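Enquirer: give me coordinates for this.
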Amino acid sequence: MQKRKTSKPILRLGQKRTHAESTRESVFAKDVFDQTAEWTKELADKEASDKRKRNEAFLEELKHGQERAKQGRATEKEPGLTTNLHISGLHPSVNEHTLCVAFGRFGSLGSVKVMWPRDTATKSNCGFVSFMEREGAEQARREMDGSELCGLELRVVWAKHVALPSEPGFVQDAEQTGHPFNARGTDSTVLEVRVARPTNKQTERLIHWTIEHVVRFGAAFECMLVQRTHSDERFGFLTQWASNDHVYYRWRMYSLLNHDTKQKWHSSMFVMYDEGPVWEPPTRVDVELQAENELQSESGVRSELSRRARQKVERCTRIQTSERGSIARAMVVVIDHAYAAAQVVDIVCQALYDACGDEKLARLMLISDVLHNSAARVASAWRLRDQLELQLSNIFDDLARASKQIEGRLRAEHFRKRVLSVLAVWEARMIFPLNTLYEQAAKFI
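Expert: You can find the predicted model right below:
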């Protein structure tokens, strides 16, 4: 049997490599390293190129989006569908009536809304104006975009389409006709006065308040009011006889004197006096009445919390720490329920009375935030300050008792300084009279 040959190892353990073998291995390792480095560089270059292309595509898309925004939203994709305009760059003093006057000359307006920010330090606001007709909206966008209103440049673009009411909410006064109440003739013999409700709900409520007092105290009260408010724009409806607000004022007084109510009135046309024009009352729509009632409920006409609202306020005011976020969230809830200011303040004060130590300080910070934001443009927010002023003595009596019950001189001193620092902030912001603040500070000295 032939003996099988075994292969010999090229290099035995401990045997030294020859110079030629070492040279071949070095050259091979160098080739592998160079090839790997070349592949790595190609991959990095490809990845950088792809990233650069993606960035260029993103910038190009962003550029196109900005160009489309400059041309106006939906001008080509939705021709004729929207009559709603978005106006940015509004001066903080601009309200709904100012927008009605500025944009009403281009056509009848369906709705006007100014978006009031919570932060009163905002330099400019924004708003929406919806026209009844597309032509008026197009003309307003062309002429008002880039124009100035109250010293600030406006930016006017198309906005999302909104549902329009059956009748315009604001119609700009046309040229004077010379007839009583600026009546207009429908033919050669008949004159008509069309009554439109004010677009500004505050103006409408002021008109109702004026009518109530004129009916109660007589024409002498109206004369006195005209003399004392001749420079007040809010009472312009008393002297601007051809304005829509004055027409509404006269019709509403006549309507209430004839046993109509604020919610229900006769909608048929009538003659107010012999040989006078024909008056056409505003259409009474149940949906509008419901919306008005909801608005009045949110604006503070209600004075009591519902069961669910009370639970929400109680839950949010039981804050445990002085964390800024929790205090801010609780403050927003309190401000939003300001229509029931008396109940809300009772809940906030009771939460402070039930707390101890750092929890009591945290709830004092909540009261401070509520006072600071009681001047915000939120309906009935000012009532919170009045109610807290009534509870101020009880609040600081409780804080003084808590300070005396704290064990440890350093902890008690820390508590006292925190309370006094809150009073110092109130003094700097002039939230309460100085005598009142000094009286409360004396309880800790």
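
Enquirer: OK, contacts around residue 384?
Expert: Applying C-beta atoms under 8 Å, 6 or more residues apart in numbering to residue 384 gives the contacts 334, 335, 338, 341, 344, 345, 370, 371, 374. The C-beta positions use only the backbone N, C-alpha and C, and glycine is treated the same way.

Enquirer: so the fifth one versus residue 363, what's the distance?
Expert: Per C-beta to C-beta, to the nearest Å, residue 344 is found 13 Å from residue 363.

Enquirer: just the buried ones from the contacts of residue 384, in PyMOL syntax?
Expert: Listed next is the PyMOL selection for buried residues among the contacts of residue 384, using 16 or more other C-beta atoms under 10 Å:
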select buried, resi 334+335+338+341+344+345+370+371+374
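
Enquirer: please enumerate the strands of the stretch 101-250 of the chain.
Expert: For the stretch 101-250 of the chain, strands defined by DSSP state E, counting those that start in this stretch occupy the ranges 109-115, 125-131, 148-149, 152-153, 155-158, 184-185, 191-194.

Enquirer: could you say which of those is packed most deeply?
Expert: By mean neighbour count, with neighbours taken as mean count of other C-beta atoms under 10 Å, strand 125-131 ranks first of these at a mean of 22.

Enquirer: quick one, that one and strand 109-115 angle?
Expert: 170 degrees (axes from the mean of the first three to the mean of the last three C-alpha atoms, to 10 degrees).

Enquirer: what's strand 125-131 packed up against?
Expert: Contacts defined by 3 or more C-beta pairs under 8 Å, 6 or more residues apart in numbering; DSSP states H and E place strand 125-131 against strand 84-90, helix 96-103, strand 109-115, helix 134-144.

Enquirer: quick one on the thing from earlier: take the contacts of residue 384 and write them to TSV, including secondary structure.
Expert: Output for the contacts of residue 384, formatted as TSV (DSSP: H, G, I helix; E, B strand; the rest coil):
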residue	secondary structure
334	helix
335	helix
338	helix
341	helix
344	helix
345	helix
370	helix
371	helix
374	coil
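
Enquirer: from the contacts of residue 384, pick the one nearest residue 93.
Expert: Top of the list for closeness to residue 93, among the contacts of residue 384 and by C-beta to C-beta, is residue 374 at 20.6 Å.

Enquirer: pLDDT below threshold where in the stretch 151-300 of the chain?
Expert: The model of the stretch 151-300 of the chain has pLDDT under 70 over residues 169-190, 199, 283-300.

Enquirer: all helices for it, in order.
Expert: Read by DSSP state H, counting those that start in this stretch, the stretch 151-300 of the chain holds these helices, from start to end of the chain: 201-217, 219-228, 244-257, 286-299.

Enquirer: buried deepest among those, which one?
Expert: Among the helices of the stretch 151-300 of the chain, ranked by average contacts under mean count of other C-beta under 10 Å, first place goes to helix 244-257 (a mean of 20).

Enquirer: how about residues contacting it?
Expert: Counting by C-beta under 8 Å, 6+ apart, the neighbours of helix 244-257 from elsewhere in the structure are 170-171, 173, 181-182, 193-198, 203-204, 207-208, 210-211, 214-215, 236-240, 262, 265-266, 272, 279, 281-282.

Enquirer: thinking again about what came up before, want to throw the strands of the stretch 101-250 of the chain into CSV with distance to residue 93?
Expert: Written out in CSV, the entries for those read as follows (distance: least, C-beta to C-beta, whole Å):
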stretch, distance to residue 93
strand 109-115, 11
strand 125-131, 10
strand 148-149, 10
strand 152-153, 10
strand 155-158, 18
strand 184-185, 33
strand 191-194, 31
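
Enquirer: quick one: closest of those strands to residue 307.
Expert: Closest among the strands of the stretch 101-250 of the chain, once you apply C-beta to C-beta, is strand 109-115, at 31.6 Å.

Enquirer: tell me the spacing between residue 230 and residue 198.
Expert: When C-beta to C-beta is applied, the distance between residue 230 and residue 198 equals 20 Å.

Enquirer: looking at the two, which is more packed in?
Expert: When neighbours are counted by other C-beta atoms under 10 Å, residue 198 comes out ahead of the other of residue 230 and residue 198, with 22 against 11.

Enquirer: hang on, isn't that one packed against residue 207?
Expert: Yes - with contact defined as C-beta atoms under 8 Å, residue 198 and residue 207 form a contacting pair (7.0 Å).

Enquirer: what is the neighbour count of residue 55?
Expert: For residue 55, the number of neighbouring residues by other C-beta under 10 Å comes to 10.

Enquirer: mind listing what's buried along the helix or strand where residue 391 lies?
Expert: Element membership of residue 391, judged by DSSP states H and E, is helix 382-405. Within helix 382-405, the residues that qualify as buried are 383-385, 387-388, 391-392, 395-396, 398-400, 402-403, counting by 16+ other C-beta under 10 Å.

Enquirer: show me what the helix or strand just after it is packed up against.
Expert: Sequence order places helix 409-428 as the next helix or strand after helix 382-405, per DSSP H and E. In this structure, helix 409-428 makes packing contacts with helix 358-372, helix 382-405, helix 434-441, judged by 3+ C-beta pairs under 8 Å, 6+ apart.

Enquirer: residue 129: which of the ones you listed is closest?
Expert: Of all the helices and strands packed on helix 409-428, the one in closest proximity to residue 129, counting by C-beta to C-beta, is helix 382-405 (28.8 Å).

Enquirer: what angle do that closest one and helix 358-372 make?
Expert: Here helix 382-405 runs at an angle of 150 degrees relative to helix 358-372 (the same axes, to 10 degrees).

Enquirer: okay, the angle between helix 382-405 and helix 409-428?
Expert: 160 degrees.

Enquirer: roughly how far is helix 382-405 from the heart of the chain?
Expert: In terms of C-alpha atoms, centre = their mean, to the nearest Å, the gap separating the centre of helix 382-405 from the centre of its chain is 30 Å.

Enquirer: now do that helix against helix 434-441, angle only.
Expert: Here helix 382-405 points in a direction 30 degrees away from that of helix 434-441 (the same axes, to 10 degrees).

Enquirer: average pLDDT across helix 382-405?
Expert: For helix 382-405, the per-residue pLDDT values average out at 88.

Enquirer: coming back round to it: need the helices and strands packed on helix 409-428 in TSV (columns: distance to residue 330).
Expert: Formatted as TSV, the entries for the helices and strands packed on helix 409-428 read as follows, by distance: least, C-beta to C-beta, whole Å:
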stretch	distance to residue 330
helix 358-372	5
helix 382-405	13
helix 434-441	22
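
Enquirer: looking at these, which is nearest to residue 220?
Expert: Shortest separation from residue 220 across these is recorded for helix 382-405, at 31.1 Å, computed as C-beta to C-beta.

Enquirer: CA atoms only: put that closest one into PDB for me.
Expert: Extracted as PDB, the C-alpha positions of helix 382-405 are listed here (Å, rounded to 0.1, in the frame of the first residue of the first chain):
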ATOM      1  CA  TRP A 382     -61.300  92.100  35.100                       C
ATOM      2  CA  ARG A 383     -63.900  90.700  37.500                       C
ATOM      3  CA  LEU A 384     -61.300  88.300  38.900                       C
ATOM      4  CA  ARG A 385     -59.300  91.200  40.200                       C
ATOM      5  CA  ASP A 386     -62.300  92.800  41.900                       C
ATOM      6  CA  GLN A 387     -63.200  89.500  43.600                       C
ATOM      7  CA  LEU A 388     -59.600  88.800  44.700                       C
ATOM      8  CA  GLU A 389     -59.400  92.300  46.200                       C
ATOM      9  CA  LEU A 390     -62.400  91.400  48.400                       C
ATOM     10  CA  GLN A 391     -60.600  88.300  49.600                       C
ATOM     11  CA  LEU A 392     -57.200  89.900  50.000                       C
ATOM     12  CA  SER A 393     -57.300  90.400  53.700                       C
ATOM     13  CA  ASN A 394     -58.400  86.800  54.400                       C
ATOM     14  CA  ILE A 395     -55.700  85.500  52.000                       C
ATOM     15  CA  PHE A 396     -52.800  87.200  53.800                       C
ATOM     16  CA  ASP A 397     -54.300  86.500  57.300                       C
ATOM     17  CA  ASP A 398     -54.100  82.800  56.400                       C
ATOM     18  CA  LEU A 399     -50.500  83.200  55.000                       C
ATOM     19  CA  ALA A 400     -49.500  85.000  58.200                       C
ATOM     20  CA  ARG A 401     -50.900  82.200  60.400                       C
ATOM     21  CA  ALA A 402     -49.100  79.600  58.200                       C
ATOM     22  CA  SER A 403     -45.800  81.500  58.600                       C
ATOM     23  CA  LYS A 404     -46.000  81.500  62.400                       C
ATOM     24  CA  GLN A 405     -46.700  77.700  62.500                       C
END
